[in-house]
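A.B. asks: Could you work out the structure for the sequence below:
(chains A and B)
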Amino acid sequence: MTDTIIITGAGGVGKTTLAAAIGVAIAATGARTLVLTIDPAMRLADALGIEDLGDEPRPVAGVANLSAAMLDVSASWEAIIHRYAAPDVGDRLLVNPYFRAIADRFPAAQSYAAGERMAEFIETKLYDVIVVDTPPSGGGIDFFRAPARTGDLVSGKLLKWLTGSRLPGRGVIYQLAARPMLRLADSVLGGAMLSDVAAFLVDLRTMYDGLAARSRTIERYLRSAHIVIATTADPTPLHETHRFFRELGEFAITPDSIVFNRTLPSEWIDDAVRPLRGIDDPDLRALAKGNLRTWASEARRQADAIDELSARYTIDVHTIRWRTPPPETLADLRSLIDASSLFGSLPGPTS
Amino acid sequence: MADTELMFVSGKGGTGKSAVTAAIAIAAARQGRTVLAVDMGTSLGLGAHLRHADLPYAPTETRPGLWAMSMDRATALDEYIKLQLHMPLGAPTKQFAGALTVLADTAPGVREIISIGKPLYEVWKGVWDLVIVDGQSLGQFQSYLRAPATIAELVPTGNVRRQAQRLASTLEDPAITTITLVTNPAELPVRETIETMEILRSEGLCPPPDVIMNRFLEPSGMSLDDIDRMPDGSAREAAQMQLAMEAGQERWAREIDAPVSLPYLRGVLTPGEVAVQLADALGGRP
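C.D. replies: Numbers count the residues shown, from 1 in each chain, chains lettered A, B, ... in the order given. Next up is the predicted model:
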């Protein structure tokens, strides 16, 4: 069985770095590990050797048992179409302007494609642990919502309104013009927009059974995954963290742990108000003291936020120390995890 | 019609986009301009920074000269159908809105054009000196900018097409529209900002963006030699951290041309305090 670890959270909190670091640490235990990432920073791509990586996993040089893959959204959607649409429908869909627009721009599209890839990798049974870095869209919650939303898209709610029939075939498009509502809609909206959309939705509808079943499978994988919420003390990530606890419940998903990233040493808070000894030069002493005080006020803000999270949710809050400069090498990534209680809480070979 | 300036603010998630939007709005209102700040419904958003946690859709005066509103797509859609699409008299507007709501959730570009349309209609009214939009994060932001052109491509004729074309030409007009990208002096924000600027330039959907460097640490005045003169302990660790950050921000700030820098504020501050301190730092700048 494959254990899946999903790293989620607001943009800018270090999800991709965490996913890579966790992957490196787990691979070191001997488990066959895959890191599925979205858009790594150059330094991470360099560390993982994936600057030209496509959709297919490649071994990471220098780390036994570790592979990495980067999500290519449009390639993933083409694969989904080929898998679930009849060949003639698939060809029509791939050149349809609405489909192109949806695949590139539909906010949930990237999230659905990421979930689909995750499911495919789980089913290869080639990995003991898959670490998934989630797309930032919708504060990360879209990743969990995408299967249901994609189901809505192809279920034909709009199509039913457009055509009035339960399970329309392509023939129905030619009758559309006769419906008064559509005549009005077309005169207001312009041209044959709605009939074009309907033609597209009819094709999409043929994929419904396949995609709906697939969406349920992906949802099942999401529910059994180990969910790690990454945050910092900034208001937006904290707000998103609360939102995860509020909204993940509707998908029967419970977060397993919170990782508080980029923390400062809490002892700075007390040391900042103690006399500073051992610096003779009074100018330097004043500078050093002022600097410590400013950073201690930041440490105070973090400590308050961590206390609030622990009090509010009965869940482990693990901290990852702030590193300057940011981690660049595989050894740097490894040391992030080694210094944290996070590793012991993860599923798989570590538990 | 008064000359209304339209400013979209975007940036990578976590760079402080909403705080900077609020700060620019506050600074403009202090200069006596009539300002409308628009929250596009992002997670925490502008409201907290303007001390109005739940901004309504109808513009509300948050301090003298500074009005703010929050995007609500359902209301914006109603407004769009009534005011912009010129529905024929007696048409079943309500049913039609219901259908469009479903369409907006599925058909590409519809959701985006309704959201981005609202601030542009406010510009067309001619009652504001500045309409400033706390936009989506990079990535999604480009989809919103593209929406009018996408719709104009997909819809062959009619009112929607004419509306979309008017929106697109307002967005492109450098006499009206400015784009401000908020970044931080660190690798990912700087790289994503540069990539976005290249995409925006190549697509020509809007005038070239300006960049604001937010969270720029004030140099401490310490040097690496000074660290050797400090005993082990918290003060030395904090000094090492500060100097490492100064070096990092020097390196990444060099990569991008950002005429305006705003300070890295630390410690326990409310979102409202953050916005006011950033507005103070902006001073008399436009």
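A.B. asks: For the residue nearest to residue B:128 when sequence neighbours are not counted, give me its contacts.
C.D. replies: Of all residues not flanking residue B:128 in the chain, residue B:36 sits nearest, at 4.7 Å (Cβ to Cβ, 6 or more residues apart in numbering or on different chains). For the C-beta atoms, the positions are set from N, CA and C on the backbone; glycine is no exception. Shown in contact with residue B:36 (Cβ atoms under 8 Å, 6 or more residues apart in numbering or on different chains): B:59, B:67, B:68, B:69, B:119, B:122, B:128, B:130, B:131, B:132.
A.B. asks: how many neighbours does the third one have?
C.D. replies: Right, residue B:68. Counted with other Cβ atoms under 10 Å in any protein chain shown, the neighbours of residue B:68 add up to 27.
A.B. asks: Next: the first one.
C.D. replies: Neighbouring residues of residue B:59 were enumerated by other Cβ under 10 Å; the total is 17.
A.B. asks: Please name the residues that touch it.
C.D. replies: Counting by Cβ under 8 Å, 6+ apart, residue B:59 touches B:36, B:67, B:68, B:69.
A.B. asks: thinking again about what came up before, hang on, the residue nearest to residue B:128 in a helix?
C.D. replies: No. Judged by DSSP: H, G, I helix; E, B strand; the rest coil, residue B:36 forms no part of a helix; its state is strand.
A.B. asks: where in the stretch 101-250 of chain B is pLDDT low?
C.D. replies: Where the stretch 101-250 of chain B drops to pLDDT under 70, the residues are B:101-109.
A.B. asks: wait, chain A
C.D. replies: Low-confidence segments of chain A, defined by pLDDT under 70: A:39-44, A:46-47, A:49-54, A:73-74, A:97, A:100-109, A:136-140, A:151-196, A:348-351.
A.B. asks: quick one on the thing from earlier: from the contacts of residue B:36, which is closest to residue A:204?
C.D. replies: Within the contacts of residue B:36, the smallest distance to residue A:204 is 32.0 Å, found for residue B:119 (Cβ to Cβ).
A.B. asks: Distance-wise, check the closest one relative to residue B:17.
C.D. replies: Using Cβ to Cβ, to the nearest Å, residue B:119 is found at 15 Å from residue B:17.
A.B. asks: Comparing these two, which residue is more hemmed in?
C.D. replies: Between residue B:119 and residue B:17, residue B:17 has the larger neighbour count (other Cβ under 10 Å), namely 29 against 24.
A.B. asks: quick one: the more buried one and residue B:134 touch, right?
C.D. replies: Yes. Using Cβ atoms under 8 Å, residue B:17 is in contact with residue B:134, at 6.6 Å.
A.B. asks: Now for these two: what residues contact both?
C.D. replies: Counting by Cβ under 8 Å, 6+ apart, the residues touching both residue B:17 and residue B:134 are residue B:9.
A.B. asks: before we move on, the earlier item: which pLDDT value does the model give the residue nearest to residue B:128?
C.D. replies: Looking at residue B:36, its pLDDT is 98.
A.B. asks: Excluding chain neighbours, what is closest to residue B:266?
C.D. replies: Per Cβ to Cβ, 6+ apart, closest to residue B:266 is residue A:298, 4.2 Å.
A.B. asks: scratch that, residue B:30 is what I was asking about
C.D. replies: Nearest non-adjacent residue to residue B:30, counting by Cβ to Cβ, 6+ apart: residue B:279, 7.1 Å away.
A.B. asks: hey, where'd the strands end up in the stretch 201-350 of chain A?
C.D. replies: A:226-231, A:257-263, A:316-321 (DSSP state E, counting those that start in this stretch).
A.B. asks: strand partners of the longest one, parallel vs antiparallel please.
C.D. replies: Think strand A:257-263. strand A:226-231 (parallel), strand A:316-321 (parallel) (DSSP bridges).
A.B. asks: The residue nearest to the spatial centre of chain A: what's it in contact with?
C.D. replies: Among the residues of chain A, the one closest to the centroid is residue A:134, at 1.2 Å (Cα atoms, centre = their mean). Contacts for residue A:134 (Cβ under 8 Å, 6+ apart) come out as A:6, A:7, A:8, A:15, A:38, A:111, A:114, A:140, A:143.
A.B. asks: ok, the fifth one to chain B distance?
C.D. replies: It stands for residue A:38. From residue A:38 across to chain B, the span is 11 Å (Cβ to the nearest Cβ, to the nearest Å).
A.B. asks: Output the contacting helices and strands for the helix or strand containing residue A:116.
C.D. replies: If you go by DSSP states H and E, residue A:116 is part of helix A:107-124. Contacts defined by 3 or more Cβ pairs under 8 Å, 6 or more residues apart in numbering or on different chains; DSSP states H and E place helix A:107-124 against strand A:33-37, helix A:73-84, strand A:129-133, helix A:142-155, helix A:208-224.
A.B. asks: give me that answer again for 6 Å
C.D. replies: helix A:73-84, helix A:142-155, helix A:208-224 (3 or more Cβ pairs under 6 Å, 6 or more residues apart in numbering or on different chains; DSSP states H and E).
A.B. asks: Which one of those helices lies nearest to chain B?
C.D. replies: Proximity to chain B, assessed across those by Cβ to the nearest Cβ, is greatest for helix A:142-155 (5.4 Å).
A.B. asks: Give me the outermost residue of chain A relative to its centroid.
C.D. replies: Most peripheral residue of chain A (Cα atoms, centre = their mean): residue A:280, 50.9 Å.
A.B. asks: Any part of stretch A:202-218 near chain B?
C.D. replies: No. Counting by Cβ under 6 Å from any Cβ of the partner chain, chain B has no neighbours in stretch A:202-218; the shortest distance is 9.3 Å.
A.B. asks: list the buried ones in that stretch?
C.D. replies: For stretch A:202-218, a neighbour-count test (16 or more other Cβ atoms under 10 Å in any protein chain shown) marks A:202, A:203, A:204, A:205, A:206, A:207, A:208, A:211, A:212, A:214, A:215, A:218 as buried.
A.B. asks: ok, so what distance separates the second one from residue A:94?
C.D. replies: If I follow you right, that is residue A:203. From residue A:203 to residue A:94 the distance is 10 Å (Cβ to Cβ).
A.B. asks: Pull out the buried positions in the helix ranked longest in chain B.
C.D. replies: Taking DSSP state H as the criterion, chain B has its longest helix at helix B:234-253. For helix B:234-253, a neighbour-count test (16+ other Cβ under 10 Å) marks B:234-239, B:241-243, B:245-246, B:248-249, B:252-253 as buried.
A.B. asks: hey, where'd the helices end up in the stretch 1-150 of chain B?
C.D. replies: Counting by DSSP state H, counting those that start in this stretch, the stretch 1-150 of chain B has helices at residues B:17-30, B:45-49, B:73-79, B:93-106, B:110-125, B:140-154.
A.B. asks: As CSV, the ones you listed with distance to residue A:261 would be great.
C.D. replies: Below are the helices of the stretch 1-150 of chain B laid out as CSV (distance: least, Cβ to Cβ, whole Å):
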stretch, distance to residue A:261
helix B:17-30, 20
helix B:45-49, 22
helix B:73-79, 33
helix B:93-106, 34
helix B:110-125, 31
helix B:140-154, 23
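A.B. asks: unless I'm mixing things up, residue A:278 is touching residue B:231, no?
C.D. replies: Yes. Checked against Cβ atoms under 6 Å, the pair residue A:278 and residue B:231 is within contact range at 3.5 Å.
A.B. asks: the more surrounded of these two?
C.D. replies: Neighbours per residue (other Cβ under 10 Å) separate residue A:278 from residue B:231, with residue A:278 holding more: 13 against 10.
A.B. asks: Work out the gap between the longest helix of chain B and the centre of the chain.
C.D. replies: How far helix B:234-253 lies from its chain's middle: 29 Å, per Cα atoms, centre = their mean, to the nearest Å.
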